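S.K.: Pasted the sequence and its predicted model underneath.
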Amino acid sequence: MGREVQVTIENYINGEWCKPVSEKYIVNKNPANLAEEVGNVPDSNEQDLDAAVAAASGARKAWRSMAGAERGNFLYKVASIMEQNVDIIGTMMTREMGKTLGEAKGEVLRGIAILKYYAGEGMRPVGDVIPATDPTALMYTTRVPLGVVGVISPWNFPVAIPIWKIAPALIYGNTVVWKPARETAVTASLVMKCFHEAGLPAGVLNMVIGEGKLIGQKLTEHRQVQGITFTGSNAVGKVVGQTAAARGAKYQLEMGGKNPIIIAADADLELAVEATISGGLRSTGQKCTATSRVIVVRDIYESFRELLIERVKQLKVGNGLDGDTWLGPCANQKQYETVQHYIEKGIAEGAELVIGGEPQQEASLQQGYFVAPVVFDQVTSRMTIAQEEVFGPVLALIKADSFEEAISLANDTQYGLSASIYTKNIAQALAFINETEAGLVRVNAETAGVELQAPFGGLKNSSSHSREQGQAAIEFYTAIKTVFIKP
Ligand SMILES: NC(=O)C1=CN([C@@H]2O[C@H](COP(=O)(O)OP(=O)(O)OC[C@H]3O[C@@H](n4cnc5c(N)ncnc54)[C@H](O)[C@@H]3O)[C@@H](O)[C@H]2O)C=CC1
Ligand SMILES: O=C(O)CCC(=O)C(=O)O
């Protein structure tokens, strides 16, 4: 690939592709090769956002008045268009944020499955009939959409996360203003193109690209936006929640994790090592559900550690478009610097860096944000790398004297998104399920791996205590209306 910019993308407002009012653009580069410019993306301002919110407000009435099945048909169409573009969207995702092509295409397929799932929601029951105290009356609940929903999405799952927010918002009758992460806005525009080609009525879904602290913040503050759904960092999530709450808007936050895997004394070590690697290092560790703390019971600590290191040595770091690459680069400069910061912090606080972290020697890797996957040994729960979200290919090994101590270490964090255990002992598995403070608990499976038909969300500081995906999504995107009819 040369230095030339590949594409210039635009905002999508009221059914049309629009230049940003500022006419300013930012260049997105390939994190695997910074010489490659992937696209020019709009640097929008408040006027672009106002136009998008006005379009979404204008489209509300007609969209919510349609039958659910009719709204569902649009989502089926989007899914079918996306099915024809899996390679294009997947390849762009890899070029724009670095994850391997296999993972990127897998994510597009997941987006398609989510669209189909929510398309079907348009035909499923809403509400209950509730006996009224007056036997001649009919009392029941129905659900109404919130109105305009603001979707603020991150760069780590640039297709699946926005779709798991946009699809339920639309099927339940809301209109949407979407602010994708600027870092993956070209991929976002390909997703938007699928909605456009499906013939969605003008204004129902709008996309404005720009800096989070401007467009995201203004979207959150906007009086004509009735709900805000956010996935990203805890620092920004807190501000989004406070801003929305201050003006009485509904909000939903999915934020960080510091997810533990417990390796019990009776675990199948081969399987546990595979799950640790897959959960911790796939997508270069940039998942909110990524395994970052590996809590191993003393009896098997040494054997597990040796197996893990041997296996990590085999992982091939490289450009995600190359077929033999297992691990791509960090997605952007900020993320790369964050990972370097935590590696230095881990060493400074006395953890032993057993493998990884060193600069890449291969010439082809010098131009990107590559980090060799890291395993830290001798980590204690009070160290920064055991407490703060790294969001990179860094595993922290923590030794537990007993199963009980392993659970208490697992819970020793402000976060509570996902947690897993490897054990063959049913009593231990049940104790883990009962006592672990996490919204997603997995036995003999890795910490990552969210299923679209099941509720997803965290405890403690990982979320605003709401749930996304599956039928749980209806709770955020609608309000209950209780109806009483007397003949
Ligand atoms: N839970 C998750 O899946 C994710 C977690 N993160 C965490 O966040 C860290 C930093 O990554 P960032 O990309 O900087 O995350 P971020 O929280 O800044 O970005 C997430 C989204 O929020 C937008 N945003 C930024 N400032 C905003 C504001 N003031 N008001 C409204 N929206 C705003 C961004 O443009 C993006 O669309 C990562 O190292 C990781 O720890 C990042 C991405 C996803
Ligand atoms: O584990 C997954 O598949 C989903 C991860 C996720 O939701 C995130 O990183 O934001």
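M.R.: Arrived safely, thanks for sending. Ligands and ions are numbered 1, 2, ... in the order given.

S.K.: Let me see the ranges of the helices in this protein.
M.R.: Taking DSSP state H to define them, one finds helices in the chain at 46-65, 68-83, 86-97, 101-121, 160-171, 185-197, 217-221, 234-246, 269-281, 301-313, 333-348, 403-410, 426-435, 473-477.

S.K.: List the contacts of the biggest strand by length in the chain.
M.R.: Across the chain, the longest stretch assigned as strand under DSSP state E is strand 33-42. Here strand 33-42 makes contact (CB atoms under 8 Å, 6 or more residues apart in numbering) with 1-11, 19-20, 22, 24-30, 48, 92, 95-96, 182, 185-186, 189, 208-210, 319, 367-368. Any C-beta I mention is one placed from the backbone N, CA and C, and that applies to glycine too.

S.K.: which residues does the closest residue to ligand 1 within the stretch 351-487 of the chain contact?
M.R.: Relative to ligand 1, the nearest point of the stretch 351-487 of the chain is Phe391 (3.7 Å; CB to the nearest ligand atom). Phe391 is in contact with Asn156, Gly256, Gly285, Gln286, Ala290, Gln335, Thr338, Val339, counting by CB under 8 Å, 6+ apart.

S.K.: The last one contacts Glu388, doesn't it?
M.R.: No: when contacts are counted by CB atoms under 8 Å, Val339 is not listed as touching Glu388 (11.8 Å).

S.K.: Those two: which is more packed in?
M.R.: Neighbours per residue, other CB atoms under 10 Å: of Val339 and Glu388, the larger number sits with Val339, 23 against 19.

S.K.: need the contact list for that one.
M.R.: Here Val339 is in contact with Cys330, Val371, Val390, Phe391, Gly392, Pro393, Val394 (CB under 8 Å, 6+ apart).

S.K.: mind giving me JSON lines with the residues you listed and columns for distance to ligand 2 and pLDDT?
M.R.: JSON lines is the format used below for the contacts of Val339 (distance: CB to the nearest ligand atom, whole Å; pLDDT from 0 to 100):
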{"residue": "Cys330", "distance to ligand 2": "14", "pLDDT": "98"}
{"residue": "Val371", "distance to ligand 2": "18", "pLDDT": "96"}
{"residue": "Val390", "distance to ligand 2": "13", "pLDDT": "98"}
{"residue": "Phe391", "distance to ligand 2": "9", "pLDDT": "98"}
{"residue": "Gly392", "distance to ligand 2": "13", "pLDDT": "98"}
{"residue": "Pro393", "distance to ligand 2": "14", "pLDDT": "98"}
{"residue": "Val394", "distance to ligand 2": "16", "pLDDT": "98"}
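
S.K.: buried residues in stretch 55-70?
M.R.: Within stretch 55-70, the residues scored as buried using 16 or more other CB atoms under 10 Å are Ala55, Ala56, Ser57, Ala59, Arg60, Trp63, Met66, Gly68.

S.K.: The closest residue to Asp412 other than its chain neighbours: neighbour count?
M.R.: Among residues not flanking Asp412 along the chain, Ser381 sits closest, at 4.8 Å (CB to CB, 6 or more residues apart in numbering). Residues near Ser381, counting by other CB under 10 Å, number 16.

S.K.: Please tell me how far Ser381 sits from Cys288.
M.R.: 20 Å (CB to CB, to the nearest Å).

S.K.: Please apply the same query to Ile89.
M.R.: Ile89 is 22 Å from Cys288, by CB to CB.

S.K.: now Ala264
M.R.: Taking CB to CB, one finds Ala264 at 25 Å from Cys288.

S.K.: Have a look at those two and say which one is more surrounded.
M.R.: The neighbour count for Ala264 versus Cys288, taken as other CB under 10 Å, is higher for Cys288 (27 against 22).

S.K.: my guess is that one meets Leu253, correct?
M.R.: No: if you go by CB under 8 Å, Cys288 and Leu253 don't touch, sitting 11.3 Å apart.

S.K.: Residues that sit against both of those two, list them.
M.R.: Counting by CB under 8 Å, 6+ apart, the residues touching both Cys288 and Leu253 are Thr231.

S.K.: For Leu253, give the beta-bridge partners.
M.R.: Phe230 (DSSP bridges).

S.K.: what about it, neighbour count?
M.R.: Quick note: Leu253 (other CB under 10 Å) scores 25 neighbours.

S.K.: quick revisit: of the helices of the chain, which is nearest ligand 2?
M.R.: helix 160-171 (5.8 Å).

S.K.: Do the closest one and ligand 1 come into contact?
M.R.: No: for helix 160-171, no contact with ligand 1 is found by CB under 6 Å from any ligand atom; the gap never falls below 7.0 Å.

S.K.: Next, the angle helix 46-65 makes with that helix.
M.R.: 50 degrees (axes from the mean of the first three to the mean of the last three CA atoms, to 10 degrees).

S.K.: what does helix 160-171 contact?
M.R.: 63, 68, 71-72, 74-75, 107, 110-111, 114-115, 117-119, 121-122, 149, 151, 153-154, 176, 178, 180, 188, 191, 204-205, 227, 229, 231, 452, 468-469, 473-474, 476-477.

S.K.: Please check the residues you listed and keep the buried ones.
M.R.: 63, 68, 71-72, 74-75, 107, 110-111, 114-115, 117-119, 121-122, 149, 151, 153-154, 176, 178, 180, 188, 191, 204-205, 227, 229, 231, 452, 468-469, 473-474, 476-477.

S.K.: Okay then, goodbye and thanks.
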